[in-house]
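**Q** just a sequence and a predicted model for now, questions to come.
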Amino acid sequence: MLAHEVQLRPASLADWRDVAALLAHCGLPAEDTQEIIEAFHLALDKGRIIGCAAAEQRADAIVIRSAAVDPAYRDHGIASRLIGTLLVRARASGVREAYLLSTSAPLYFARWGFYLFPAEDAPAAVKASATFRDAEQTSALCMRCDLR
């Protein structure tokens, strides 16, 4: 498999079970996948979903969440293509900032311009997202990226 052979596309409701299965396989929460499936972008190899990432709209910000790539397809730039696509779409739609929580990849997200940011200083709409509410009891680091 070559990275350029992987196709990217927005998710549809028909994809939610496969996305939830991929998230579970990668050890990420999948409970509300069906409710926010339209926020996902997918990576496919020969029609099979091998990666996903979501940009949940929260007022004039997005929360990047549920970024996952099947372990057999990692280290081929797939996650980078997904995150890059989400950020380009957000900028094009006038979103001003992006947030995320990470327990294991802050250096990865730093290459996109994300920096450590106090979670308590995030906008109320961002803190109200399921991602932030569910992470209150974890050691996840809050990160922010200016999209202007």
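**A** Thanks, I have the structure now. Since we're looking at a predicted model, the values are computed, not measured.
**Q** in the chain, where's the longest strand?
**A** Criterion DSSP state E: the longest strand present in the chain is strand 48-58.
**Q** in its sheet, which strands sit next to it, and in what direction?
**A** Sheet pairing of strand 48-58 (DSSP bridges) gives strand 40-45 (antiparallel), strand 61-69 (antiparallel).
**Q** strands of this protein, start to end?
**A** Going by DSSP E, the chain shows strands at 7-10, 40-45, 48-58, 61-69, 97-102, 115-116, 141-146.
**Q** now the shortest one: mean pLDDT?
**A** When the per-residue pLDDT values of strand 115-116 are averaged, the result is 94.
**Q** residues touching the closest residue to residue 58 other than its chain neighbours, list them.
**A** Once flanking residues are discounted, residue 58 sits nearest to residue 125: 4.2 Å by C-beta to C-beta, 6 or more residues apart in numbering. Any C-beta I mention is one placed from the backbone N, CA and C, and that applies to glycine too. By C-beta atoms under 8 Å, 6 or more residues apart in numbering, the contact list for residue 125 reads 58-59, 61.
**Q** redo the residues you listed as TSV? Include distance to residue 47.
**A** Shown next, in TSV, are the contacts of residue 125 (distance: C-beta to C-beta, whole Å):
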residue	distance to residue 47
58	32
59	35
61	33
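**Q** so which of these sits lowest on pLDDT?
**A** Pick the lowest pLDDT in the contacts of residue 125 and you get residue 59, at 88.
**Q** tally of neighbours for it?
**A** 13 (other C-beta atoms under 10 Å).
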